[in-house]
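K.L.:
Got a sequence here, can you build the structure:
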Amino acid sequence: MEESRKEEEQAKKKINTFTTFPVQYSLEEIKYIISISTNATREQSKEQIINQAFECHSKGNTSEAKKYYKYFINQGFKDHRVFSNYGAILKDLGNLPEADLYTRKAIDIKPNYAKAFSNLGNILRDLGNLQEAELSARKAIDIKPDLAEAHSTLGSILRDLGKLKEAELSLYKAIEINPEFSEAYFNLSLTELLKGNYKTGLDNYEYRFKANKSVITHCNTKLKRIDNQKSQVGKKLLVISEQGLGDTLQFMRYIPYLRNQGHDISFCAQEKLHSLIKASGIDHHPLTPEQANQISEGAWIPLLSLLRYLQVNPINPIISKPYISSTDELIKKWKNILSKERRPIIGINWQGNPNSEKTTLKGRSLPLETFSYITKKNNLKLLSLQKGFGSNQLEHCSFKNKFVDCQPEINSTWDFLENAAIIQNCDLIITSDTSIAHLAGGMGKSTWMPLHQIPDWRWGLKGNTTFWYPSMRLFRQNERHNWKEVMERVSNQLNTKMYK
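P.N.:
I've put the predicted structure just below:
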């Protein structure tokens, strides 16, 4: 009996020492935190466990580091490094309001923590608060003048503000402090290319894979990559697409050119573009990532590195004639469908992928409702080319009756080859800076593109034309975020075009 009573008391003690957790933890997080508690010896200090989190973070294992940081924060533990690092991870995950909150808490704990001010500058930049972002980055530099990250952050902010000369000086300073700082070289490339300096801009753009986690190629080949050295004529060269659909549509123009120069080219691209790539004569056998990974002979090059390889610049685009086309069958099909509609038919697109708009492409999309200006003064029909993101705006726009009767059929047509046929049968395309702009421009279709004040590097800063697409006209913002004035200009020009 006595032994039984002792066993029962010991069992109660074990139960009483079990740790409880607040409800905000998921089951997965609770299991992980239990493992932290049980794996840590009594001798380990909180500082030692934090160092384990820092080690995970430094090795790129942010999901593990995030769990450590969140655990300690929820335990009421205060360390400026923890809050700052946790904020940095939240920023990378796109959770900007919380990133802002935790980074400011780091500053509350240690008001002279330069790294937190630099991180806050990046967060505020992504939130679109550029003036406060600049102040935060400059504060970081005041506290720690040799913090290369702060100079690079300031350079990016100044570029977004249109202060390109100051931006370059800040980025040069970052590189002077840390000559191995890939992110600073990449940020510098965006400024140089925006200014039209393609020679050094494309050299520095090669740092994109080291500096930007979102820049990835669409397969992981084991072939040797060629840098700027020339591939021998007749040798096998695998070109691999990277980044978004618009990038592939814009730069796949160089695939036939390389092949005509005598190179044995294979082209790996997103599968959803394969039918269009074949019909356009870009490549009759485009590869999937799995197929490209099977290639064991030759070398490879990222698609956008072809610009540097071929020494492309505004004076020497190499290919500027139309290079994209649909099939005669599909063009005829949509000609018949749209023949029942009133002319002119204006194809429109307003929203890009939000995931691509967290940094350099922020501000490129415009609300569908801004297109109302062109419907008020012009007797026309609109045709939405919008797919996925932003298409829900169609349901509530004030000019829903202005769209073609066959719009539901178009909404369900996702194939790029068929959308090219639809575009071919429009009288004009008006689109924000998305893949539709490159599709229409590559077809040689008359295309008007409203551009935010500081656009992506490929559009430069001046002029209403672009060497990439002779059939395209650019309508630039004169004032940041003011799409109303841009669309009023578009409407006036449209009225002139229609009644010539």
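
K.L.:
Helices of the stretch 401-500 of the chain, start to end?
P.N.:
Assigned by DSSP state H, counting those that start in this stretch, the helices in the stretch 401-500 of the chain fall at 407-411, 416-424, 435-443, 483-498.

K.L.:
winner for burial among those?
P.N.:
Greatest average neighbour count among those goes to helix 435-443 (a mean of 27), per mean count of other CB atoms under 10 Å. Backbone N, C-alpha and C define where each C-beta goes, glycine included.

K.L.:
that older thread, so which of the helices of the stretch 401-500 of the chain gets nearest residue 307?
P.N.:
The closest of the helices of the stretch 401-500 of the chain to residue 307 is helix 435-443. By CB to CB, the value is 14.6 Å.

K.L.:
List the buried residues for stretch 334-346?
P.N.:
Under the neighbour-count criterion of 16 or more other CB atoms under 10 Å, stretch 334-346 has 334, 337, 338, 341, 345, 346 buried.

K.L.:
For residue 241, give me its contacts.
P.N.:
If you count contacts by CB atoms under 8 Å, 6 or more residues apart in numbering, residue 241 has them with 217, 218, 247, 248, 252, 267, 268, 269, 270, 303.

K.L.:
With adjacent residues omitted, what lies nearest to residue 258?
P.N.:
Counting by CB to CB, 6 or more residues apart in numbering, residue 258 lies nearest to residue 265, which is 5.3 Å off, once chain neighbours are set aside.

K.L.:
pretty sure that neighbour is touching residue 254, no?
P.N.:
No. Using CB atoms under 8 Å, residue 265 is not in contact with residue 254; the gap is 9.6 Å.

K.L.:
so residue 292 sits in a helix?
P.N.:
Yes. Under DSSP: H, G, I helix; E, B strand; the rest coil, residue 292 sits within a helix.

K.L.:
mind checking pLDDT for it?
P.N.:
With respect to pLDDT, residue 292 scores 97.

K.L.:
roughly how far apart are it and residue 236?
P.N.:
12 Å (CB to CB, to the nearest Å).

K.L.:
And the two? Which one has more around it.
P.N.:
Each of residue 292 and residue 236 has its neighbours counted (other CB atoms under 10 Å); residue 292 has more, 24 against 17.

K.L.:
circling back to that earlier point, okay if I get the contacts of residue 241 as JSON lines plus distance to residue 390, secondary structure and pLDDT?
P.N.:
Below are the contacts of residue 241 laid out as JSON lines (distance: CB to CB, whole Å; DSSP: H, G, I helix; E, B strand; the rest coil; pLDDT from 0 to 100):
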{"residue": "217", "distance to residue 390": "27", "secondary structure": "strand", "pLDDT": "90"}
{"residue": "218", "distance to residue 390": "24", "secondary structure": "coil", "pLDDT": "93"}
{"residue": "247", "distance to residue 390": "20", "secondary structure": "helix", "pLDDT": "97"}
{"residue": "248", "distance to residue 390": "21", "secondary structure": "helix", "pLDDT": "98"}
{"residue": "252", "distance to residue 390": "25", "secondary structure": "coil", "pLDDT": "98"}
{"residue": "267", "distance to residue 390": "30", "secondary structure": "strand", "pLDDT": "98"}
{"residue": "268", "distance to residue 390": "29", "secondary structure": "strand", "pLDDT": "98"}
{"residue": "269", "distance to residue 390": "24", "secondary structure": "coil", "pLDDT": "98"}
{"residue": "270", "distance to residue 390": "20", "secondary structure": "coil", "pLDDT": "97"}
{"residue": "303", "distance to residue 390": "26", "secondary structure": "helix", "pLDDT": "98"}
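
K.L.:
List just the nearest of the residues you listed to residue 354.
P.N.:
Nearest to residue 354 among those is residue 247, at 16.9 Å by CB to CB.

K.L.:
The closest one contacts residue 303, doesn't it?
P.N.:
Yes. At 6.9 Å, residue 247 counts as touching residue 303 under the criterion of CB under 8 Å.

K.L.:
Tell me which of these two has more neighbours.
P.N.:
residue 303 (23 against 18).

K.L.:
circling back: can you say which of the helices of the stretch 401-500 of the chain is nearest to residue 225?
P.N.:
Taking the helices of the stretch 401-500 of the chain one by one with CB to CB, helix 435-443 is closest: 25.0 Å.

K.L.:
Need the contact partners of stretch 347-355.
P.N.:
Under CB under 8 Å, 6+ apart, the answer for stretch 347-355 is 94, 244, 361, 364-368, 370-371, 382-386, 389-391, 393, 422-423, 426, 428-437, 440.

K.L.:
Emit the PyMOL select command for whichever of the residues you listed are buried.
P.N.:
Entered in PyMOL, the line below selects the buried ones among these, by 16+ other CB under 10 Å:
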select buried, resi 244+361+364+365+366+368+370+371+382+383+384+385+386+389+390+391+393+422+423+426+428+429+430+431+432+433+434+435+436+437+440
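
K.L.:
what sits up against stretch 140-149?
P.N.:
Stretch 140-149 has contacts (CB under 8 Å, 6+ apart) with 112-118, 121, 150-151, 153-154, 174-175, 177-178, 181, 183-184.

K.L.:
excluding its backbone neighbours, what's nearest residue 488?
P.N.:
Excluding the flanking residues, the one nearest residue 488 by CB to CB, 6+ apart is residue 373, at 5.5 Å.

K.L.:
ok, the one you found - how many residues close by?
P.N.:
Residue 373 has 21 neighbours, counted by other CB under 10 Å.

K.L.:
distance of it from residue 73?
P.N.:
Taken as CB to CB, the span from residue 373 to residue 73 is 48 Å.

K.L.:
And residue 259, by the same measure?
P.N.:
From residue 259 to residue 73 the distance is 56 Å (CB to CB).

K.L.:
Would you state the strands of this protein in chain order?
P.N.:
224-225, 236-240, 264-268, 299-302, 345-349, 381-384, 428-431, 447-451, 472-476 (DSSP state E).

K.L.:
As JSON lines, the ones you listed with distance to residue 356 would be great.
P.N.:
What follows is the strands of the chain, written out as JSON lines (distance: least, CB to CB, whole Å):
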{"stretch": "strand 224-225", "distance to residue 356": "24"}
{"stretch": "strand 236-240", "distance to residue 356": "19"}
{"stretch": "strand 264-268", "distance to residue 356": "20"}
{"stretch": "strand 299-302", "distance to residue 356": "17"}
{"stretch": "strand 345-349", "distance to residue 356": "14"}
{"stretch": "strand 381-384", "distance to residue 356": "20"}
{"stretch": "strand 428-431", "distance to residue 356": "15"}
{"stretch": "strand 447-451", "distance to residue 356": "15"}
{"stretch": "strand 472-476", "distance to residue 356": "19"}
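
K.L.:
Can you tell me which of those strands is nearest to residue 275?
P.N.:
Closest among the strands of the chain, once you apply CB to CB, is strand 264-268, at 14.0 Å.

K.L.:
Kindly spell out which helices and strands sit in contact with that closest one.
P.N.:
With contacts defined as 3 or more CB pairs under 8 Å, 6 or more residues apart in numbering; DSSP states H and E, strand 264-268 has these neighbours: strand 236-240, helix 254-260, helix 289-293.

K.L.:
just how off-centre is stretch 487-500 within its chain?
P.N.:
Relative to the centre of its chain, stretch 487-500 is centred 32 Å away, using CA atoms, centre = their mean, to the nearest Å.

K.L.:
What lies in contact with that stretch?
P.N.:
Contacts for stretch 487-500 (CB under 8 Å, 6+ apart): 344, 346, 366, 370-371, 373-374, 376-380, 428, 430, 448, 450, 475.

K.L.:
which intervals of the chain have sub-threshold pLDDT?
P.N.:
1-45, 212-214, 358-360, 498-500 (pLDDT under 70).

K.L.:
okay, now the domains of the protein?
P.N.:
19-211, 224-309, 328-498 (automatic domain parsing).

K.L.:
how about the contacts of residue 241 in JSON lines, adding distance to residue 204?
P.N.:
Shown next, in JSON lines, are the contacts of residue 241 (distance: CB to CB, whole Å):
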{"residue": "217", "distance to residue 204": "19"}
{"residue": "218", "distance to residue 204": "23"}
{"residue": "247", "distance to residue 204": "18"}
{"residue": "248", "distance to residue 204": "22"}
{"residue": "252", "distance to residue 204": "23"}
{"residue": "267", "distance to residue 204": "26"}
{"residue": "268", "distance to residue 204": "25"}
{"residue": "269", "distance to residue 204": "25"}
{"residue": "270", "distance to residue 204": "26"}
{"residue": "303", "distance to residue 204": "18"}
